[in-house]
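Chemist: got a predicted model here, sequence first, then my questions.
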Amino acid sequence: MHGEQLFYYKKNIMGQQEKYFNLISLQNAKIALVEPTPELVKQSSKYKHCLKLENETRSWIIAA
């Protein structure tokens, strides 16, 4: 994280990290824990711990 921005990389359909990144502005953002659906947890254990980030322009669900 740099200041009030969170940078992240996306993976392509092959599961490889892309060369580009996106960022989320955390200025005036709301952050909340989210309970993943049972279907998501069955797909992968990476969905056990999720956060919802919401700012003035958009919202994201992020798995940690």
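Modeler: Thanks, I have it.

Chemist: C-alpha from now on. contacts and neighbour counts both.
Modeler: OK.

Chemist: all strands for this protein, in order.
Modeler: 5-11, 17-25, 30-34, 50-54, 59-63 (DSSP state E).

Chemist: tally of neighbours for residue 26?
Modeler: Neighbourhood size, residue 26 [other Cα atoms under 10 Å]: 18.

Chemist: list the contacts for the residue lying closest to it once chain neighbours are set aside?
Modeler: Distance criterion Cα to Cα, 6 or more residues apart in numbering; nearest residue to residue 26, sequence neighbours excluded, is residue 4 at 5.0 Å. Neighbour list for residue 4: 25-27 [criterion: Cα atoms under 8 Å, 6 or more residues apart in numbering].

Chemist: highest mean neighbour count out of the strands of the chain?
Modeler: Highest mean neighbour count of these: strand 50-54, a mean of 17 (counted as mean count of other Cα atoms under 10 Å).

Chemist: thought residue 30 was touching residue 58?
Modeler: No: judged on Cα atoms under 8 Å, residue 30 makes no contact with residue 58 at a distance of 10.9 Å.

Chemist: for the residue nearest to residue 26, give me phi and psi.
Modeler: With angles defined as degrees, to the nearest 10, residue 4 sits at phi -110, psi 40.

Chemist: show me where pLDDT drops low in the protein?
Modeler: Scanning the chain for pLDDT under 70 picks out the ranges 1-2, 15, 17-20, 44.
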